[in-house]
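A.B. asks: No sequence on hand, only this structure:
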């Protein structure tokens, strides 16, 4: 500890310590503020990017749905004719749009009579001559054949790639 010859030196020494402590607190608070600000800005940027992606997906779905309404598919056709009998290949699935893949996947359930509650499935499958609603079919894996389970998983992989 320094030797103090005068009371003024002692007071000045303590004032310097107080200034150093308050400066340290101020710098610490400023650093925390900057970190919080960076996190906030980063979160806002991520939120904005996610909102743009969701908007893009919704826009694409609306465009595809309006295309489908203007060009209705014949009522007896299937998107993937034998998806209940044969395992689908990558070549078959790569050619389809995301919307067609979604409808093809649900087509497997529709063949069993799954009762769709939401659009566009309800009206799309309701217009098919082969579709016959069956309230006892709930769409469980155990109600599908091994080929159908395989095809649902494969279609879903390609759907996820295209979305």
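C.D. replies: In hand now; what should we look at? All of these numbers come straight from a predicted model, not from anything done at the bench.
A.B. asks: Show the average pLDDT along the helix or strand hosting residue 99.
C.D. replies: Assigned by DSSP states H and E, residue 99 falls within helix 98-111. Averaged over helix 98-111, pLDDT sits at 95.
A.B. asks: in the helix or strand following that helix, what's buried?
C.D. replies: Toward the C-terminus, helix 98-111 is succeeded by helix 121-126 as the next helix or strand (DSSP H and E). Buried positions in helix 121-126, judged by neighbour count with 16 or more other CB atoms under 10 Å: 121, 124, 125. For the C-beta atoms, the positions are set from N, CA and C on the backbone; glycine is no exception.
A.B. asks: Surely residue 101 and residue 158 touch.
C.D. replies: Yes: assessed by CB atoms under 8 Å, residue 101 is found in contact with residue 158 at 5.4 Å.
A.B. asks: okay, these two: which has more neighbours?
C.D. replies: Taking other CB atoms under 10 Å, residue 101 and residue 158 do not tie; residue 101 has more neighbours (25 against 21).
A.B. asks: on that earlier part again, now tabulate the buried residues of helix 121-126 in TSV and tack on pLDDT and distance to residue 134.
C.D. replies: TSV is the format used below for these (pLDDT from 0 to 100; distance: CB to CB, whole Å):
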residue	pLDDT	distance to residue 134
121	95	15
124	94	17
125	94	12
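A.B. asks: Closest one of the residues you listed to residue 141?
C.D. replies: Of all the buried residues of helix 121-126, residue 141 sits closest to residue 121, with 18.9 Å by CB to CB.
A.B. asks: List the contacts of the closest one.
C.D. replies: 103, 106, 110 (CB atoms under 8 Å, 6 or more residues apart in numbering).
A.B. asks: how many neighbours does the first one have?
C.D. replies: By the measure other CB under 10 Å, the count of residues near residue 103 is 23.
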